[in-house]
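Peer 1: What follows is a predicted protein model with its sequence.
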Amino acid sequence: MKNVIFAGVGGQGVILASKVLMETARKKGYDIKESEVHGMAQRGGSVDCHIRFGKETFSPLIPRGGADFVICLELLESMRKLEYLHKDSVLIVNKEQINPAPVEIGAMEYPSDIEAWLKKNFASTITVDTTDVLKDVGTKKALNIVMIGCLSKFLEFEEKDWIESIKTLINEKFLEQNLKAFQLGRELIKK
Amino acid sequence: MTQKIMLGNEAIARGAWEAGCRVATGYPGTPSTEIIETIARDYSEIKSQWSPNEKVALEVAAGAAIAGARSIATMKHVGLNVAADPLFTFSYTGVNAGLVIINADDPGAWSSQNEQDNRHLAKAAKLPMLDPSDPAEAKEFTKIAFKMSEEFDRSVIVRITTRIAHSQALVNIGERENVPLKDFVRDPKKYVMIPAHARPRHVFVEQQLIKLKDYSNESGLNKIEWRSKKRGIITNGVAYHYVRETCPDDSILKIGMVWPLPDKLIKEFASQVEELYAVEELDPFIEDYVKSLGIKITGKEIIPICNELTPEIVDKAMNKREAPPATPQYEGNIPGRPPGLCKGCPHAFVFNVLKKHNYVVNGDIGCYTLGVLPPYSSMHSQGCMGASIGMHMGFEKARGDEMARNSVAVIGDSTFIHSGITGLIDLVYNKGTGTVIILDNRITAMTGHQNNPASGKTLSGEPTYELDLAMLSKACGVNRVTVIDPRDTELLEKTITEEVAAKEPSVIIAKRKCILIK
C-alpha cells in the first residue's frame, strides 16, 4: 500500500491533485481511499488530502508516521505534516510562501529557516522552486499539476498513465497548459 | 460492473438517482452540501431544490413522498434538530413512496458548532437508521433505504459522518430504476395527526419497530466477520475500517443498521468471543444497548467520546501500540493558518465599526462568525442558526436600555431567512429596541456559494422572486430600516451608531455581494 498526503492552502488545488493521483491508481486496478477537508478551509485555511492505494485499503486516514510521500504546495504547510513522515518518506515542498493571518496582521513572523531546517532534519526533503515554471506555463493555477509532475517521478505509473488522467480530469480549455505543467514538474526532479 | 471514484456525497446522489428518486431537498451544511449540488448538476430527472431551512426541506420531501414520489432530504446533524418537529410526527404518518433523510454528523466538529451524535435522534423518533462505512456503502445503503422505507412504511435516515461525506473511493455504478409515481389515496387516519389518529399510529410505529428489529438481525446490513474468537469488536461507520486495519485478527460485528440494533446477532456474537469491545465514534450508543442486554462490553473506558477517531487512536486503545517515534521538533513558532474573512470581504467593514465602538455583538452562523477571531475579535455570543436576534433580545431583557444602546445582532442573509425572521418578529412584538444588522452578501457563502431566496436565483441558477429583506423587516413592524453599502465606511459608521442609539427596533441591511462572486 502507498500513502500520499497533499497539503496546501485553500484555493491551491490540492483536491484536484489528489484526483489525478487517484484516477491514475484506479486504472491500474488498485483499491483507493481518500479523505479531504472542506468547509472552513475555503476561507484561506490549511487543506490536506490523504490518499491510500493498494490491493485492499480500509481507513481513509493515514496514521502518523505512515505517509510514504508528503507533497506540500506551500512551504509553511510542510511543518504541519512532519508527524506523518517515517524514515523513508519523501517530502516534496514548493518553496512558495503564502502568509497566514497571524503574519498578515503582524502578530507573528513567517519563519525564515524552514527550508534549511527541513533539509537538515529530513534527508529525503526535496524543495522545488516553481516560480519560473509557472511563468512558463502562464498560470499559477497549474501549480497542483506541476507538483503531480514532481511526484510522478517517484511512483510506478508510466508517464502516459498520468497524462491520460490529466486529460480525463481537466477541462479541455486548460489542458495544454496543464500538460506542460506536468512535464515541467517532472523536469524539476533530477532523477 | 463499472466503477468510478466518487466523493461520499456524490455516491449518495448517485444512489438516490439509481433508486428512482424524483424529488430532492435540503439546506446547505457541511459536510452534507454536495449531495444536492451533485443531484442538481448530474441528475436532471430529479427535481431538486434548496429550501429556506431544514424543516421546510423535510416537509417538502415528506409531502412529495406522501404524494407518491420517492424523495430525499439532506442536511447536517444540527439541521436535523431544526427538522426534528416534522421528523417525529412524520414517523407516525409513515410514507407512501419512499422517503430517505440523509443526516451528516461531524465528529471532530470540522465545520460545526457541536459534535452531537444523531443516532440518538433515530432512536427518539423511532425511525430506522442506516450507517454506511464508506462511499460505496453510502450509495448502496441509500438505495436500500428507499426500498425499506416503502416496505416498512417508515422514513429511513442514512447517517454519514465527515469521513464518509468527504472521502473519495471506488463506487460501483448502476442504472436508474424505473419507479413510477404511486397513487395518492386520501387517508386522513394515516396522514392527519389529530390525537384520535395519532394514538393508533403510535401503536403502528411500535409494531414496525419490532419488524425492523427482525430486519436488523437478518437483512445482512449487520454482519459478523469471524476471525479469532479471542476478541470480538462491534463497530460501525468509518470506525469499522480503522478496526479492520489495526485489528486484522479479531472477529467483527459490523453494524450497518444502527437503529433498531440487532439484539439476536449481538447475543450470538457476544456468546462466542472471549472479550467483547465496542469501537464507535462519539457516544456509547451501541455499547449502552449491549449493556442493556445484560452483556459485558468494553467501550468508552478506552475509546474516547470526544473528537473523531483515527486509526491511531483505535490502534493505541485496542493494541496498546506506542506512538511512532517522534519526528524532530522545530524550535521556532509555526504560525497557524486559521480561516478568516477574505481580503475585501464586505463583512469586514461592518466588523471594523463594531470593534471601534466596542459593542456587544450577538453573532450567528456563517462566514461572519469569523468576526470572533483577530483582527476583529468582535463577537460575544453565537449558538445556532438564527439565534443572534433572540439572544440580542434576551440581553436587552436582562440588562435593559444600557445594554440595548451598546450592542447589536449580526446575521447573514441566508441565516436570517432560515430562522432569524421569527426572532425579529419577537423583538418587535415584545417591545425590544435593539439593532439587527443583516450582513447581506447575496449568497449562502460559507458552505460554498449556494443561492437562497434573497439571491433571486434557484438552486440551478434560474431566476425567481427575489425576497426583499427590507420590505420583510418593515412588515415585521420595524420602522427604522436602512439599506447601505458597507464599503461606504463613513455612512456605515454613522448609520450603525445612530441606529444603536435609537430607542426603537432597527434593521440595517449591509448589502454588498460576496467578494468571491464573479
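Peer 2: That came in fine, so what should we check first? On a predicted model such as this, the values are computed, not experimentally measured, just so you know.
Peer 1: starting at the chain centroid, how far to the worst-scoring helix or strand of chain A on mean pLDDT?
Peer 2: Using mean pLDDT, DSSP states H and E, the weakest-scoring helix or strand in chain A turns out to be helix A:101-104, at a mean of 90. How far helix A:101-104 lies from its chain's middle: 23 Å, per Cα atoms, centre = their mean, to the nearest Å.
Peer 1: same check, this time on stretch B:252-271
Peer 2: Computed by Cα atoms, centre = their mean, the chain-centroid distance of stretch B:252-271 equals 27 Å.
Peer 1: Return the set of buried residues in it.
Peer 2: By 16 or more other Cβ atoms under 10 Å in any protein chain shown, the buried positions in stretch B:252-271 come out as B:252-263, B:265-266, B:269-270. Backbone N, C-alpha and C define where each C-beta goes, glycine included.
Peer 1: could you say what helices and strands the top strand by length along chain B packs with?
Peer 2: Ranked by residue count, the top strand of chain B under DSSP state E comes out as strand B:228-236. Using 3 or more Cβ pairs under 8 Å, 6 or more residues apart in numbering or on different chains; DSSP states H and E, the elements in contact with strand B:228-236 are strand B:250-255, helix B:263-272, strand B:275-279, helix B:285-292.
Peer 1: Among these, which comes closest to chain A?
Peer 2: Smallest distance to chain A across the helices and strands packed on strand B:228-236 (Cβ to the nearest Cβ): 11.4 Å, for strand B:250-255.
Peer 1: The closest one vs strand B:228-236, what angle?
Peer 2: Angular relation of strand B:250-255 and strand B:228-236 on a 0 to 180 degree scale: 30 degrees, by axes from the mean of the first three to the mean of the last three Cα atoms, to 10 degrees.
Peer 1: coming back round to it: listing partners with orientation, what would you give for the longest strand of chain B?
Peer 2: Strand B:228-236 pairs in its sheet with strand B:250-255 (parallel), strand B:275-279 (parallel), by DSSP bridges.
Peer 1: can I get these in JSON lines with distance to B:D214 and mean pLDDT?
Peer 2: Formatted as JSON lines, those follow (distance: least, Cβ to Cβ, whole Å; pLDDT from 0 to 100):
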{"stretch": "strand B:250-255", "distance to B:D214": "16", "mean pLDDT": "98"}
{"stretch": "strand B:275-279", "distance to B:D214": "22", "mean pLDDT": "98"}
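Peer 1: To B:A136, which of these lies closest?
Peer 2: strand B:250-255 (13.7 Å; Cβ to Cβ).
Peer 1: then the closest one to CSV, C-alphas only?
Peer 2: Only the C-alpha atoms of strand B:250-255 are listed here, as CSV (Å, rounded to 0.1, in the frame of the first residue of the first chain):
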residue,chain,number,x,y,z
ASP,B,250,-10.2,-10.0,15.6
SER,B,251,-13.8,-11.0,14.9
ILE,B,252,-16.1,-8.1,14.0
LEU,B,253,-19.8,-7.5,14.2
LYS,B,254,-20.2,-4.7,11.6
ILE,B,255,-23.2,-2.5,12.3
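Peer 1: No further questions, thank you.
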